[in-house]
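Student: Structural data only, the sequence is not supplied:
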């Protein structure tokens with residue numbers, strides 16, 4: 001299975017903007033609906049067999065090309 005990224009939505013230029021929901025991004029596309037917490041999105045991705053699962057460390061910097069913005073969750 002490909003890697004999955006757990007990202008917040010909506011995108012915002014303000015670091016103080018609130019997060020409404022989280023999504024699972026695989027191969028650059030949002031898949032599997034929306035989740036109210038990072039944990040529920042991560043658990044769903046793990047249960048579906050995605051490996052590795054990357055969870056954002058910094059909410060407003062969603063640059064998948066920078067590894068420091070992600071932590072790998074050990075499903």
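Tutor: Everything's here; your move. Source: prediction; values computed, not measured.

Student: residues contacting residue 48?
Tutor: 1, 32 (CB atoms under 8 Å, 6 or more residues apart in numbering). The C-beta positions use only the backbone N, C-alpha and C, and glycine is treated the same way.

Student: Swap in 7 Å and give it another go.
Tutor: Not one residue lies near residue 48 by CB atoms under 7 Å, 6 or more residues apart in numbering.

Student: Quick check: the gap between it and residue 75.
Tutor: Distance from residue 48 to residue 75, counting by CB to CB, to the nearest Å: 10 Å.

Student: and what of residue 33?
Tutor: Taking CB to CB, one finds residue 33 at 19 Å from residue 75.

Student: what does the average pLDDT come to for stretch 7-19?
Tutor: Mean pLDDT, computed over stretch 7-19, is 78.

Student: Stretch 49-68 too?
Tutor: For stretch 49-68, the mean confidence score works out to 75.

Student: From start to finish, how long is it in a straight line?
Tutor: 24 Å (CA to CA, to the nearest Å).

Student: And for stretch 16-35?
Tutor: 20 Å.

Student: In it, which residues are buried?
Tutor: Within stretch 16-35, the residues that count as buried by 16 or more other CB atoms under 10 Å are 19, 22-26, 35.

Student: For that stretch, give me every contacting residue.
Tutor: By CB under 7 Å, 6+ apart, stretch 16-35 touches 2, 4-10, 36-38, 41, 44-45, 50, 59.

Student: which of those lies closest to residue 70?
Tutor: residue 5 (7.1 Å; CB to CB).

Student: The helix or strand hosting that closest one pairs with which strands?
Tutor: Secondary structure assignment for residue 5, by DSSP states H and E: strand 4-9. The strands that strand 4-9 pairs with in its sheet are strand 21-26 (antiparallel), strand 53-56 (parallel) (by DSSP bridges).
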